[in-house]
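Peer 1: Predicted model, plus sequence, below.
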Amino acid sequence: MLDAFEVVPNLPVLVVTTPLIGGILTIAMGRGKGPWAWATLITGLVFYFTVLLMQQVLAAKTGYISYELGNWPRQWGIEYRVDALNAFILLTVAGVSFVTTLYAQKSVEKEIPQDRHNFFYAVWVLAVCGLLGITVTGDAFNVYVLLEISSLTVYALIAMGKDMNRQALTASLRYLILGSVGASFILLGIGYLMMVTGTLNMEDMHDRLAALPDIVHHRTVLVAFAFLLVGLGMKMALFPLHMWLPKAYTYAPSAVSALLSATATKVGIYMAFRFLFTIFGVGFSFVAMPASVVLSVAACAGILVTGVTAVRQTNLKRMLAYSSVGQLGYIVAGFALANVHGVAGSVIHIFNHAVMKGGMFMAAGAIMYRLGRCDLRAIRGLGKRMPLTMAAFVAGGLGLVGFPLTAGFISKWYLVQGALEAPHMWPVAAVVLVGSLLAVAYTWRVVEAAYFQEPEGESALVTEAPLSMVAPMWILIGASVYFGVSATFTGEISMRAAKSLLGGAP
Amino acid sequence: MNAVVLIDTLLLLLVTATAVAIVEVRSLYASSILTGIYSLLMALVWVNMHSMDVSFTEAAVGGGISTILLIGTLVHVGREEKPIKKRLHVPALVFTALTGAALIYGTLDMPRFGDPAAPIHHYRVPEMMAQTVGFVNGTPGKQKPPEGFDLERYRRFDGRVTGPIPADPTDTAWREKSILQTEGLIVPQVRAAHEPHAEPGHHLHPPDDFNGHVPNSVTSLLAAYRGYDTMFETTVIFTAGVSLILLLRRPRREGYLQPGAVMSDQVILRVVTKLSIPFILIFGFYVITHGELGPGGGFQGGVVLATAFILYALIFGRAALYRVVPPPVSDMLTGLGVLIYSGTGAVCMLLGGKFLDYSMLNPELPGDGESLGMTLVEYGVGITVSMVMLTIFNQLAEERST
């Protein structure tokens, strides 16, 4: 039966169906370590598939791989289309998910009731499935269906925070309401577009929109554009639509915070790429429509406001959450410039921020694991007691600042270059620099507490976090340093993705 | 003014009145019942639009089971809304008004309702309605089959595909005809001459009876052309069930069951329930199995099946239900449904085809393979939907210990 089956031509669909089937089977993995081991196996396999897929995409002559589900022609059925951009995002999401699953074992053991680990990991793997499914598809409605899966699973995962206390539940409920509002806007936008174009395939939709006479004054298209912008803004936590994020990341289980910060909002940004660049096209979104101005003003305001808020936080996870909104601001400001360096900076920062922030949330989770809390008082003197964890946190923090030889430096290099190339966009460059200063401030507060203050109470007695937590943390932080020193791979991929988004050669 | 507009106007007034009442009424019980009424009215709107499948779903899910689940929630939160001082939240009002205005503004350039020239009626969708997607241009011989293609087998089936080709592609009369003519399998060729089929010879779906070619074109759309989306819609239902177990299920050591109210001492209720449950179940299976012939399918049938179990639990108590379907069994079945669906897709792939290419299931008679695949996935959907509905009901009815 298996004679006719080959892995390579089926890679795009395997990336999504493996975690789907694997996620369902997680329920049957009993109690104890079974569900975790199974989830690690599945996410590891998916990561392996995304690596193979990346190789295929780089080798493809057309610059992309297309897979027609059910063998129906792409204009009628559903198409999976993978180019340099989504192969890179897939690799990032799958890689970070795998490392986070490795990390999750100890932390979940402590934070989630033992009798429902199988359900927890099932939802966890399905969340990864939803995020990858959004990223791989070339069909506008398929995006929405997978968005439902990723949202629903994430709501459930957040609500599991700290023995399901009231704060985690209300944070999850708040996200559920705002997320559903955002998703409704996205659905309305897709519906309006389908009404105007008669198709759901992204490429087909773009061609039909481009053929519309006087599209700039087509009121249905304009409303669809506005709705999609608002809906995507909510999903990617664009200031001022980020209100759900800080509480959700603060009260979610530690492993979940690490997973979400590295993947969920990134996929939201990927959706924005597809809708703004692939479906509407650069000419409509950024020339005819004021998306550049709207997005960069929101992003810059976000960088400044949340940077200041982050400095005032005492809870480490909450500080990281606010910092995440600011970092997402950099990504949005980058592609809002709509030039090659800006978009490339945006793409590369998706990866760089995923590894840095993922690693930092893991460090915060390790502190939670040992101390049961992670505020600035608790970490006093921890530099000596948990040296590896605190060093990881600081290394990640330096990345957020954009210190040379860290990945964050590369991102900001591209962003500043893009901002100076675009006409009248130099304030974006200024905001990037001010944002870095704010990152220095909040990172310093942690350094000061951990290295220059004496431990008190139980902090004086703790030991380093277990190896199963420290190792994954350092894999991500190590990656952020490695890709800060040698940015050839990430830089080339991002430039290629940026050029294809902007309509140049792939 | 024609009758359709008249009915639509009346329904719109009723829907609006119900929506206002849902917001205004203080009793949560009344408001739950009103949401059921709202869904039934919407089901009528869909009937008026001739979309029977949507209407059936709305009636079964919105009018039926969601109302029961909402009332189940009242067990936990109480029947009355907490008295709060109602204040006007200005930003919320402005945001809502803006959204409403944008929605209306967007309709200004929309194609008129039912306009045959609308993109949705003449671009891509006609092939789906006529179920000719994937045919090798209808007429054999015009295109050279690719290597390895069994031309003999194709001709054997293709002898039946000799339908008339409409002269004008924007003419919609052919559509009604094509749907009526499924008996004779006359398949109209609707593509305009200037628009070539996607890569020629690439999509060799067999031009025999199935090929997504079923009397109810909604089923061919949901189970075949966009079957992959439907698989994930089923997964959404599954995820909802699992998330609810994750959040609400009582720890196992406390046992699943708390004694609840039982109404089985009421003779009439007991007898009527016992008499109607077999018929509900048969109807549920009928709706799943015959989804390709008329309105219905896995989603609607699954909900109907679930109502039989829920009715049983309401009258005889959940202890009796748990004897019939213990929670571990229903947990397993929720996953089994999605596994049947995704497994069908995976088997097609392992046999050398694309994921969910049902024709791979029967290389000798590809049409039968598609028929088999679509039936399998409909049952997968039915199993997951019914068991998740049951799980949601059980979890809501369970009293949390804390």
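Peer 2: Done, it's in. Numbers count the residues shown, from 1 in each chain, chains lettered A, B, ... in the order given.

Peer 1: Only C-alpha atoms from now on, for both contacts and neighbour counts.
Peer 2: Noted.

Peer 1: which stretches of the stretch 251-400 of chain B form helices?
Peer 2: With DSSP state H, counting those that start in this stretch as the definition, the stretch 251-400 of chain B shows helices at residue ranges B:267-289, B:298-316, B:318-324, B:327-350, B:366-397.

Peer 1: How about the contacts made by residue 296?
Peer 2: Picked chain A for this. A:332, A:333, A:336, A:337, A:428 (CA atoms under 8 Å, 6 or more residues apart in numbering or on different chains).

Peer 1: looking at chain B here, not the other one
Peer 2: Contacts for residue B:296 (CA under 8 Å, 6+ apart) come out as B:53, B:56, B:57, B:287, B:288, B:290.

Peer 1: ok, the fourth one - contacts?
Peer 2: Applying CA under 8 Å, 6+ apart to residue B:287 gives the contacts B:295, B:296, B:297, B:298, B:300, B:301.

Peer 1: Look up how far residue B:272 lies from the spatially closest residue to the fourth one that is not a sequence neighbour.
Peer 2: By the measure of CA to CA, 6 or more residues apart in numbering or on different chains, the closest residue to residue B:298 outside its immediate chain neighbours is residue B:382, 4.2 Å from it. Using CA to CA, to the nearest Å, one gets 25 Å for the distance from residue B:382 to residue B:272.

Peer 1: neighbour count winner among these two?
Peer 2: residue B:382 (31 against 10; other CA atoms under 10 Å in any protein chain shown).

Peer 1: Show me what from the stretch 151-300 of chain B comes close to chain A.
Peer 2: Selection of the stretch 151-300 of chain B residues close to chain A by CA under 8 Å from any CA of the partner chain yields B:198, B:203, B:224-229, B:232-233, B:235-236, B:239-240, B:242-243, B:245-247, B:251-252.

Peer 1: Show me those that map onto strands.
Peer 2: Secondary-structure check on those using DSSP state E: no residue lies within strands.

Peer 1: Now tabulate the contacts of residue B:296 in a markdown table and tack on pLDDT.
Peer 2: Formatted as a markdown table, the contacts of residue B:296 follow (pLDDT from 0 to 100):
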| residue | pLDDT |
| --- | --- |
| B:53 | 87 |
| B:56 | 90 |
| B:57 | 89 |
| B:287 | 91 |
| B:288 | 91 |
| B:290 | 84 |
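
Peer 1: quick one: which of the residues you listed is nearest to chain A?
Peer 2: The shortest distance between chain A and any of the contacts of residue B:296, using CA to the nearest CA, involves residue B:57 and amounts to 17.7 Å.

Peer 1: Can you list the low-confidence ranges for the stretch 151-300 of chain B?
Peer 2: Along the stretch 151-300 of chain B, segments meeting pLDDT under 70 span B:151-215, B:251-262.

Peer 1: For chain A, what's its nearest residue on it.
Peer 2: Checking the stretch 151-300 of chain B residue by residue against chain A with CA to the nearest CA singles out residue B:225 as nearest, at 4.9 Å.

Peer 1: now that residue, nearest residue through space, not along the chain?
Peer 2: Of all residues beyond its chain neighbours, the one nearest residue B:225 is residue A:77 (4.9 Å), with distances taken as CA to CA, 6+ apart.

Peer 1: Just the pLDDT for that neighbour.
Peer 2: The predicted structure scores residue A:77 at 86 on the pLDDT scale.

Peer 1: likewise residue A:305?
Peer 2: pLDDT, read off for residue A:305, is 93.

Peer 1: distance of it from residue A:250?
Peer 2: Plainly put, residue A:305 is 18 Å away from residue A:250 if you go by CA to CA.

Peer 1: more crowded one of these two?
Peer 2: Comparing residue A:305 with residue A:250 by other CA under 10 Å, the one with more neighbours is residue A:250, at 24 against 18.

Peer 1: contacting residues around the more buried one?
Peer 2: Contacts of residue A:250 were listed using CA under 8 Å, 6+ apart, and they are A:257, A:317, A:318, A:321.
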